[in-house]
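*Asks:* 3D, please:
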Amino acid sequence: MLKEFKNFIMTGNVIDLSVAVILGAALGGVVSGFTNDIMMPLVGHFTGGMDFSALKVVLSEATTDAEGNVTPENAIMWGKWVNALINLVIVGFVLFMIVKAYNKTKKPAEAPAPAGPSEIDLLTEIRDALKK
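*Replies:* Okay, here's the model as predicted:
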C-alpha cells in the first residue's frame, strides 16, 4: 500500500498540481498587492478620495457598560464587498488582456493540405487510361 501511495504521489499530475497550487498562492499575493496598493488608490483618486472599505451600515453602536466591558460595534461592512467586486473586475480585465496577448503570439493553425484524389479515383483513372 505504501508503494502504491508513493507511485501515486510521484506521478507527474500530482506534482504538477502541487506546483500550480503553490504558484497560485504566490500569484494571489501579487494580485492582492497590485489591486490594493496600485489600482485601488487610483480608483479612490477618481472617486474623490473615497475609501470603499470604510463604508458600512451600523446595526448597533459600540457600548461600554458600567464595569468597563466594551461591546464592539455590529456593522455590515458593505464597502469591503464593493472593494472585492472592484478587485474582481480589475483582475478579470488584466487576465483577459494577458490571454488576448498570448493568443496573438500563438502561431495560427495551418490550413490542412488540400486533399488529393483518393485511391479509388487514381485506380479509376489508371483503368480508364488502360482502356484507351
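
*Asks:* Can you pull out the residues in contact with the helix or strand where D128 lies?
*Replies:* In the assignment (DSSP states H and E), D128 maps to helix 119-131. The contact list for helix 119-131, computed with Cβ atoms under 8 Å, 6 or more residues apart in numbering, reads P117. Yep, even glycine has a C-beta here, placed from its N, CA and C like the rest.

*Asks:* Please shift the residue numbers so they start at 29 in all later answers.
*Replies:* With the count now opening at 29, the last piece we talked about shows up as helix 147-159.

*Asks:* next one: it to chain centre, how far?
*Replies:* 58 Å (Cα atoms, centre = their mean, to the nearest Å).

*Asks:* That helix - what's its average pLDDT?
*Replies:* Throughout helix 147-159, pLDDT has a mean value of 89.

*Asks:* swap in stretch 71-81?
*Replies:* Across stretch 71-81, the average pLDDT comes to 77.

*Asks:* Repeat that for stretch 45-65.
*Replies:* 81.

*Asks:* All the helices of the protein, residue numbers only.
*Replies:* For the chain, the helices defined by DSSP state H occupy 30-37, 40-62, 68-74, 106-133, 147-159.

*Asks:* could you redo those as CSV and give each row distance to N97 and mean neighbour count?
*Replies:* As requested, the helices of the chain are exported to CSV (distance: least, Cβ to Cβ, whole Å; neighbours: other Cβ atoms under 10 Å):
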stretch, distance to N97, mean neighbour count
helix 30-37, 52, 8
helix 40-62, 36, 11
helix 68-74, 36, 13
helix 106-133, 27, 12
helix 147-159, 93, 9
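
*Asks:* To V85, which of these lies closest?
*Replies:* When the helices of the chain are compared by Cβ to Cβ, helix 106-133 sits nearest V85, at 6.4 Å.

*Asks:* Excluding sequence neighbours, find me the nearest residue to S88.
*Replies:* Spatially, and ignoring its direct neighbours in sequence, S88 is nearest to N102 (4.5 Å; Cβ to Cβ, 6 or more residues apart in numbering).
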